[in-house]
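J.: have a look at this prediction, sequence included:
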Amino acid sequence: MKQSIELDSKDVRIVRLLRKNARMSNKELAAKTGLAQSSCLERVRRLRMARVLTGYHADVDPDPLGIGLQAMVAVRLARHARSDVEAFERHLDSVTEVVTIFHVAGANDYLVHVAVRDSAHLRELALSAFTERPEVDHIETQLIFAHRRNHELPVYLDLDEA
């Protein structure tokens, strides 16, 4: 269950440090935040319980996994009925090649990051996972040549030393 939580500058520092390195030990995290190890551990637990920290991940090189091509697929739905939106999202959740789903405002309704073996795989995915879906009116695919993830997040809280 998600809890309401008020963050202070120490909490924000913990979040920023873990965003950069989720494998950081509690000992190192405590030292970098100026907290006792037990206090740091309790804060991390509280941040997880409040769903501020929602998970941990590993950055992975796609090449050894056979991923030779990545793309963003812009999707425009035929209708915006809740049932169609929910059905399409459930479908995307089941597609192995889908890396990230963005539900967006504007001319398109979704931006979907996909990872595939090659252009033939991308073509087949576009047909089977997108254009053959009754909810989909239009797609546009853009190849991703490279991408980087920013490990920093902006903080819009009024904190003294965040």
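T.: That came through fine.
J.: how near is the residue of the chain most remote from its centre to Ser94?
T.: Distance from the C-alpha centroid of the chain, by CA atoms, centre = their mean, peaks at Ala36 (31.0 Å). When CB to CB, to the nearest Å is the yardstick, Ala36 and Ser94 sit 45 Å from each other. (C-beta placed from N, C-alpha, C; glycine too.)
J.: before we move on, the earlier item: list the contacts for the residue farthest from the centre of the chain?
T.: By CB atoms under 8 Å, 6 or more residues apart in numbering, the contact set of Ala36 is Ala30.
J.: measure it to Val12 for me?
T.: In terms of CB to CB, Ala36 sits 18 Å off from Val12.
J.: name the helices or strands packed onto the helix or strand hosting Arg90?
T.: Applying DSSP states H and E as the criterion places Arg90 in helix 82-93. Contacts defined by 3 or more CB pairs under 8 Å, 6 or more residues apart in numbering; DSSP states H and E place helix 82-93 against strand 69-77, strand 98-103, strand 110-116.
J.: how about the nearest residue to the most centrally placed residue in the chain, chain neighbours excluded?
T.: Nearest to the mean C-alpha position of the chain, by CA atoms, centre = their mean, lies Thr100 at 5.9 Å. In space, and not counting its chain neighbours, Thr100 is closest to His113: 4.2 Å by CB to CB, 6 or more residues apart in numbering.
J.: show me what the one you found is bridged to.
T.: Met72, Thr100 (DSSP bridges).
J.: tell me the contacts of it?
T.: Contact analysis of His113 by CB under 8 Å, 6+ apart lists Gln70, Ala71, Met72, Val98, Val99, Thr100, Ile101, Phe102, Ile144.
J.: OK, contacts around the third one?
T.: Residues in contact with Met72, defined by CB under 8 Å, 6+ apart, are Leu111, Val112, His113, Val114, Thr141, Gln142, Ile144.
J.: assumed Ala120 was part of a helix.
T.: Yes - assessed with DSSP: H, G, I helix; E, B strand; the rest coil, Ala120 lies in a helix.
J.: can you tell me how far it is from Glu140?
T.: Taking CB to CB, one finds Ala120 at 19 Å from Glu140.
J.: state the distance from Ser128 to Val136.
T.: Going from Ser128 to Val136 by CB to CB gives 11 Å.
J.: many thanks, have a good one.
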